[in-house]
Each structure stands twice: as structure tokens, then as C-alpha cells.
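Colleague: Provided below for reference: sequence and predicted model.
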Amino acid sequence: MAIEVQASAMFLLGLGLLLTGINILSESLKRIGSRTFRILSMQYLNPRWKALVFGLGAGAALQSTSAALFILGSLNSAGSVTVAQAISILTGFSVGNCILPFLVSIKIRFGVFFVVGISAIMLYFTKVDTRRNLWNLAFGLGLIFFGIEMLLDGVRPLRQEPWFSETLRIASAWPGLSILIGMAFGFLVQSSTTVVMVAIGLAKGGVLPVQETFLIMYGAAVGSTGFKTFLGSAMSGSGRQLVRFVNYFNFTGAGVFVILFYVEKYLHIPLVLALLAKITPEPEIQAAWAFMLMNLTAAIFYMLIHTPVVGWLAHQFPPAEEEELSKPLFLWDKSPDDSQVALDIIHMEQSREFGQVAALLPSAFEPNRGADLKKRWEALQCLGHEIESAMAEVVSLHLDVSQAQRHAILQNRQTMIMQLAEELMKLIEFIRQAQSLPEITLLANNCFEALDFLIQNASEIVKSGELLDEDQTDLYGDRSTQMRQLRNTFLNSNQNMTPPTRSCLLGLTLCVDKCIWILNRTLSMEYKSL
């Protein structure tokens, strides 16, 4: 009994150190590599083989499919990366993600003590963040090896116990049990790679037979998709397409190798087990190769059916309307070298952006006008950020005097468009508040109809590129005097108006006045920006 308690304590200690090491290593890799991954992923997109090779290297360096999903999902939402390009990167990423199990299979028992000790001491004395990240990498990797050694020290004495031998016998007789165990652990720890490293560690010490090691790894690949399914529930459209692709990728690889296992075991046809036994007699290295081959098989399969899969995912999980609104339509993934072309593209994108601003008022009070107000506002902010980024990139190009002037005008135009959007959001709140106040309900409705007409008309003017005629110029003229007279009329006719109503009246009329002023300024610079 004392042996079992001691063994259990050592096993839990080893498992805890292993999981802690994986967490430290993963976080360090994310801090070091996430920004680089985000930048490089937009540079290695075409042709497709470049995206695959980049994904392969990124998987080896980053070691976190969930992090890659979040980064690629955000880039896709911004319109920087298409679903097809992201899938190519993820395909290579899944293969590169198999490097760490090979490292874990190396036998360096006493060397690990030096790695953990030296890196821990250096972390204590090092204050510079960049150097601390590097020592954290070494410390995390050392803890993984150290945890495996502790885990093995706890399990080895149990091999002499009858119940342990009986458990292995049952697992060998019922392969499905090992798959279920792998699925359960994969779901709990949210990472198939973590389960694979634990399984390889047990195989390294001769505790876990090769057959059970393989089956647990296959099950973990399926079980870990549960967490990624949870990630997918928080996404929509294109983001969900990427999560579903990773899930299908794991199911495909694991499914094929489970079938191959049963064929080899019961039909006695030499397949994976026989091949890996010829490659190496070491069970832990066989397990690392099995994990690699599983992912490589799925990668080759999806490389061959890449185009149909992209089309099917788009059909099954179509992008939401607000997702399309948030993506630039004219901006290129890479800014053109011709500054004049770049400015023309920004102008067209701003005109499209103005149309989205014009849709804010109707979406707030007409529920059947597509995406709701909150989603439209978020999409508009994303699009505005992309336009501002594109304008910043244009500065690096050679601009002559006229182009520099046009760039300044486009910057002012962008500021005006976003200011108009912000004022409209404020106005919508005032209108909603006023509609609950009987004294100014009619005024609020009239303000909504009048301003909606002015903005929709301005949107048509921007789209057509026509010059303002005299009547249109008067239409968007200064309204401060009229708004002041309107306020005084309401205040004089309603002497008993409550303070909240007075405050709402003031805010409502000031917002209308400011919106019309911004419209006037935006339309006046429209033709200077062409």
C-alpha cells in the first residue's frame, strides 16, 4: 500500500510538472512567435506551396493550433487572409506541430537536470523581457522532460503489481478502450499534443506498450476537437470555417489510422506497426513517427481536395453580413507600388465606407434592414481601421506635391466619415430616449426622417461623383440658427418641461446640427479627393 501511495504521488508530481512545462513552453512560444506569425502569414500566401511551407515552419515554432486559429481568424475578418489561404497555412501547421513529440522522445535524463537548474537560475537574475522569454523556453522544455522522468519513476514500481498488468491486458484485448481513454484526455487537456507527449513519456519508460500508445494518440486527436468546437461556437462565418477544417483534419487523420490499426491487427496485413518497427526498435520514437504520419496523411489528403473543401465549407458556414461589411473590398493584401493607384483605391473604399455609415440610422429603427446596429458599428470600426492602415502605408511611397495634397484630403475625409458615424451613434441614443418622452416624440421622429433623407442623399452623391448643385448646397448648409430657434420654440411652448426632457432636447438638436455640418464638410472635400 505504501508503494502505491508513493508511486501515485510521484506520478501526480511528474504529470503536474509535465503539464506546467507544456504551459510555460506554449506561452513563451506565443509571446515570441505570435506577432511574427501574424506579420509573416500575410507575406507567404501565394502560391499555395508557400503558405504550406510557412505553416510547416510556424507549426514547429509556435506549437499551438488554437493560437494559429485565433490569429488567422482575426486576419481573415480584416480581409488580409482568405479562407483558402488560411487553410493552406493550417495544413502545414498541423504537420510542423509534430516536432515537439520527437524532442520528447530523446533520452537525456541527467542533462534535463542541468537545463532546468540553469534556466531557473537565469530567470531569477534576468530582467530583460526578451531574454526571459528565451530562458522560459528552456525552462518549459526542461520541465517537460523532468516531469516525464518523475512520472516514470512513479509508474515503474506499479508494473510489478497484478492489477496493473491486468489493466494492460484488458487494454490490449479491447483496443477501443485505449481510444476512449485518449479521447477523454484529449478533451480534458484541450490539446492532442499534450496527450501525445504523456503517452510517449510512458512508452519511453516501457510502461505503455506501443499498441496502446498509438491508440491513445489517435483518440486524443479526436477528443481535442471538442475544445476547438467550443472555439468555433464563439465564431461565425469564415472563422467557423477554419475551426471546422481543423476538426475534420483531425478526424480524418485519426480515422484513417484507427482503420489501418484494426486491419493490421485482425487481418494480419503488415501496415503502420510493421513499418515503424522496421524504422526503429524504440517505442517512443515509433510513437512520434506515428503521430507525424497521421498528420501528414491528413495533410496530403486535404492538399489534394483543397478547392472542393474550401467551397464546401463556404456553403456550409457562409459568412455573416457584418463580416462582409468589415472587410475591405478594394484594398489589396499588399499596397500597390503606384501611389496614384493606391490613393484611388483608398478613395473607392472610403466611398463604400460612407454607404455603411448611411445604413446606421435605418438599421437602428428598421429591424428588417439587414445586420443590427451593434454589428454594423463594429464592422464599420474594423473597416475604418483597415483604411487608416492603408493610408499609413501610402506615406512610404513616393508622393509628388499633388499626391501629397490628395493624401492629406483623404485623411481629413476619413476623419470626417468616422466622426459622422460617431455622431450618428450618439443621435440614435437621443432619438430612442426622446421617443419615450411625449413632449418631444414627434420632434425625434421628424429629426430621424430628415437626417436619414440627408444622409441617404449624400450617399448617392458620393457614389455618383456628381457636383453639388445650388439646391443641394443649401440643403447641407449651416443649421445652427434653425436648431436654436427650434429649441427655443419647444422650451417656450412647454414651460413645465422636465430637466431630463430639456437635456434630451438639447442633445438631440445639437447632434442633428453637428451631423449636417459634418455632411457639408465631407461633401465639400469630395471632389478635391478625386
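Modeller: Looks like it came in fine.

Colleague: just the buried residues of stretch 286-305, please?
Modeller: Within stretch 286-305, the residues that qualify as buried are 286-295, 297-299, 301-303, counting by 16 or more other Cβ atoms under 10 Å. Placement of C-beta: from N, CA and C, glycine included.

Colleague: export it as CSV, just CAs?
Modeller: Output in CSV follows, covering the C-alpha atoms of stretch 286-305 (Å, rounded to 0.1, in the frame of the first residue of the first chain):
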residue,chain,number,x,y,z
GLN,A,286,7.8,4.9,-33.2
ALA,A,287,5.0,6.8,-31.4
ALA,A,288,6.5,10.1,-32.5
TRP,A,289,6.6,8.8,-36.1
ALA,A,290,3.0,7.5,-35.9
PHE,A,291,1.8,11.0,-34.8
MET,A,292,3.7,12.6,-37.7
LEU,A,293,2.4,10.1,-40.2
MET,A,294,-1.2,10.6,-39.0
ASN,A,295,-1.0,14.3,-39.5
LEU,A,296,1.0,14.0,-42.8
THR,A,297,-1.6,11.7,-44.2
ALA,A,298,-4.4,14.1,-43.4
ALA,A,299,-2.3,17.0,-44.8
ILE,A,300,-1.8,15.2,-48.2
PHE,A,301,-5.5,14.3,-48.4
TYR,A,302,-6.6,17.9,-47.9
MET,A,303,-4.0,19.2,-50.2
LEU,A,304,-5.4,17.1,-53.0
ILE,A,305,-9.0,18.2,-52.3
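
Colleague: so for that stretch, mean pLDDT?
Modeller: For stretch 286-305, mean pLDDT is 91.

Colleague: how about stretch 186-205?
Modeller: Computed over stretch 186-205, the mean pLDDT rounds to 77.

Colleague: which one of the buried residues of stretch 286-305 sits closest to K426?
Modeller: Nearest to K426, judged by Cβ to Cβ, of the buried residues of stretch 286-305 is Y302 at 48.5 Å.

Colleague: now the closest one: which helix or strand?
Modeller: helix 283-304 (DSSP states H and E).

Colleague: what lies in contact with that helix?
Modeller: Residues outside helix 283-304 that contact it (Cβ atoms under 8 Å, 6 or more residues apart in numbering) are 52, 87, 91-92, 94-95, 97-98, 101-102, 104-105, 196, 199-201, 203-204, 206, 209-210, 213-214, 217-218, 221, 245, 249-250, 252-254, 256-257, 272, 276-277, 279-280, 309.

Colleague: and those, which of them are buried?
Modeller: Applying a neighbour-count criterion of 16+ other Cβ under 10 Å, the buried members of the contacts of helix 283-304 are 52, 87, 91-92, 94-95, 97-98, 101-102, 104-105, 196, 199-201, 203-204, 209-210, 213-214, 217-218, 221, 245, 249-250, 252-254, 256-257, 272, 276, 309.

Colleague: pull the helix or strand with minimum mean pLDDT from the protein.
Modeller: Using mean pLDDT, DSSP states H and E, helix 225-233 stands out as the lowest-scoring helix or strand of the chain, at a mean of 58.

Colleague: burial of V395, as a residue count?
Modeller: Residues contacting V395 under the criterion other Cβ atoms under 10 Å number 11.

Colleague: distance check, the residue lying closest to it once chain neighbours are set aside against F354.
Modeller: Using Cβ to Cβ, 6 or more residues apart in numbering and skipping the chain neighbours, the partner closest in space to V395 is H407 (7.3 Å). Per Cβ to Cβ, to the nearest Å, H407 is found 18 Å from F354.

Colleague: again, but for V263
Modeller: The gap separating V263 from F354 is 62 Å, by Cβ to Cβ.

Colleague: need the three-state assignment for L208.
Modeller: The three-state label given to L208 by DSSP: H, G, I helix; E, B strand; the rest coil is coil.

Colleague: then M497?
Modeller: Per three-state DSSP, M497 ends up coil.

Colleague: ok, it touching L443?
Modeller: No. Between M497 and L443 there is no contact under Cβ atoms under 8 Å: 11.9 Å.

Colleague: of those two, who's got more company?
Modeller: Neighbour tally, M497 and L443, criterion other Cβ under 10 Å: the higher count belongs to L443, 21 against 18.

Colleague: residue contacts, C98?
Modeller: Residues in contact with C98 (Cβ under 8 Å, 6+ apart) are 59, 288, 291-292, 295-296.

Colleague: try 10 Å this time
Modeller: C98 makes contacts with 56, 59-60, 63, 193, 196, 288-296, as judged by Cβ atoms under 10 Å, 6 or more residues apart in numbering.

Colleague: tell me the domain ranges of the chain?
Modeller: Here the domain assignment for the chain is 2-316, 323-524, based on automatic domain parsing.

Colleague: just those: most buried one?
Modeller: Mean neighbour count (mean count of other Cβ atoms under 10 Å) peaks for domain 2-316 among those, with a mean of 19.

Colleague: off-centre distance for that domain?
Modeller: Relative to its chain's centre, domain 2-316 lies at 20 Å (Cα atoms, centre = their mean, to the nearest Å).

Colleague: swap in stretch 393-411?
Modeller: Mean-position distance between stretch 393-411 and its chain equals 33 Å (Cα atoms, centre = their mean).

Colleague: among the contacts of C98, which one sits closest to L343?
Modeller: Using Cβ to Cβ, the contacts of C98 come closest to L343 at L56, 38.1 Å.

Colleague: helix, strand, or coil at the closest one?
Modeller: helix.

Colleague: against T297, how distant is P209?
Modeller: Relative to T297, and taking Cβ to Cβ, P209 is found at 23 Å.

Colleague: cool, and V189?
Modeller: For V189 relative to T297 (Cβ to Cβ), the value is 24 Å.

Colleague: L143 too?
Modeller: 31 Å.

Colleague: now do the strands in the stretch 351-500 of the chain.
Modeller: Assigned strands in the stretch 351-500 of the chain: none (criterion: DSSP state E, counting those that start in this stretch).
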